[in-house]
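A.B. asks: can't give you the sequence, but here's the structure:
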Ligand SMILES: *Cc1c(COP(=O)(O)O)cnc(C)c1O
């Protein structure tokens, strides 16, 4: 069977050249006589992998020297707890922007640790837009402001980062990290589960400003304290070695394509192809406000809410090698996740399929 175009929101496609390289090295990594999966995390082979992975990520994202890069486990979901445990220190207060299912979980978890305020929400319109955040909405005494930069389920993205003066911004970038150039220095913490745009599942990347490390209360569990991982170069215990190796290969792939500027341009091209097709369609429509549309996750629904038509579309698409287009149950309809690894040809094939389906159902 040949490979399909997989539009899954995560775990999602990995770049084919990366999979091929991993396959080539699978049984005998660089003459070690072992697979990366079998290498000690203390071996010189693995030390080189993790060191190189961090170096590449720093180069790709232009991460300033006063930030640490941590390779952790537990997913973005564990960060929902780890962040308040480590950051709710001075005033035990934080402000959150509520933009969908993931921010809801982040708020619920943070509430276990302190005084959490939702300063803006787009729940009134089923999270189809990003609310405006003005500086005077933010509590100057908040220990941090949390935003979910790209809302994977709802298909929205913050195109402007709020101005918070001294309050650090913490952002969940699970579904848009490495998709475009961003200014890391605007953030206190950036975190992302790897399984969307970085690597297979099992790895969580945290980019954290140094002054936010080392303030957790002494009763904080060792594994949930950023200081533990920062002091040990993410090698306090056994890290997800194979996922880190795959991340390194993905970082090399992005570098060789020309870095984030080129990646961003490719992502814009892919997204505009698809949005244009949906906007011109008489059968389907995008629920998301134009100015807030994600480049990575593109939900679309039948114009008349015709569930049968949607089911038929998803099934017929699958038969053409266009996989996992079913939308999340909270939005319904379809969702095409078009992360970095989705080739332009995959989007072109989807667009051609939508057009053909539309003709057949006119
Ligand atoms: C997928 C996703 C998560 C959950 O990630 P896990 O690694 O499964 O915990 C959280 N936030 C966003 C924005 C996501 O896309």
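C.D. replies: Perfect, thanks for sending it. Note that the structure is predicted; figures quoted are calculated from it, not measured.
A.B. asks: which parts of stretch 316-325 are buried?
C.D. replies: Buried residues in stretch 316-325, defined by neighbour count with 16 or more other C-beta atoms under 10 Å: 317, 322, 323, 324, 325. No exception for glycine: its C-beta is placed from N, CA and C like everyone else's.
A.B. asks: Dump these into a markdown table; add secondary structure, distance to residue 152 and pLDDT as well.
C.D. replies: Formatted as a markdown table, these follow (DSSP: H, G, I helix; E, B strand; the rest coil; distance: C-beta to C-beta, whole Å; pLDDT from 0 to 100):
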| residue | secondary structure | distance to residue 152 | pLDDT |
| --- | --- | --- | --- |
| 317 | helix | 20 | 98 |
| 322 | strand | 19 | 98 |
| 323 | strand | 17 | 98 |
| 324 | coil | 13 | 97 |
| 325 | coil | 15 | 98 |
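A.B. asks: Residue 150 against residue 171, yeah?
C.D. replies: No: counting by C-beta atoms under 8 Å, residue 150 stays clear of residue 171, with 9.2 Å between them.
A.B. asks: Next secondary structure element downstream of the helix or strand harbouring residue 206?
C.D. replies: Using DSSP states H and E, residue 206 maps to strand 204-209. The helix or strand immediately downstream of strand 204-209 is helix 226-231, counting by DSSP H and E.
A.B. asks: how many other residues sit next to the residue in the stretch 151-300 of the chain positioned nearest to the ligand?
C.D. replies: Taking C-beta to the nearest ligand atom, the ligand has its nearest neighbour within the stretch 151-300 of the chain at residue 193, 2.6 Å off. Residue 193 has 27 neighbours, counted by other C-beta atoms under 10 Å.
A.B. asks: check contacts around it.
C.D. replies: 10, 75, 76, 77, 174, 201, 203, 204 (C-beta atoms under 8 Å, 6 or more residues apart in numbering).
A.B. asks: Tell me the spatial nearest neighbour of it, not counting adjacent residues.
C.D. replies: residue 76 (4.0 Å; C-beta to C-beta, 6 or more residues apart in numbering).
A.B. asks: now do residue 198
C.D. replies: residue 247 (5.1 Å).
A.B. asks: Count the neighbours of the one you found for me.
C.D. replies: 25.
A.B. asks: and if you look at the one 5 residues further on?
C.D. replies: The tally of other residues near residue 252 (other C-beta under 10 Å) stands at 18.
A.B. asks: Next: residue 223.
C.D. replies: Residue 223 has 14 nearby residues by other C-beta under 10 Å.
A.B. asks: for residue 281, same thing?
C.D. replies: Neighbour count of residue 281, defined by other C-beta under 10 Å: 17.
A.B. asks: The residue lying closest to residue 11 once chain neighbours are set aside: what secondary structure?
C.D. replies: Closest residue to residue 11 in three dimensions, ignoring its sequence neighbours and counting by C-beta to C-beta, 6+ apart: residue 195, at 4.3 Å. Of the three states, residue 195 takes coil according to DSSP: H, G, I helix; E, B strand; the rest coil.
A.B. asks: from the middle of its chain, how far away would the strand or helix carrying the residue nearest to residue 198 be?
C.D. replies: Following DSSP H and E, the helix or strand that holds residue 247 is helix 241-257. Mean-position distance between helix 241-257 and its chain equals 15 Å (C-alpha atoms, centre = their mean, to the nearest Å).
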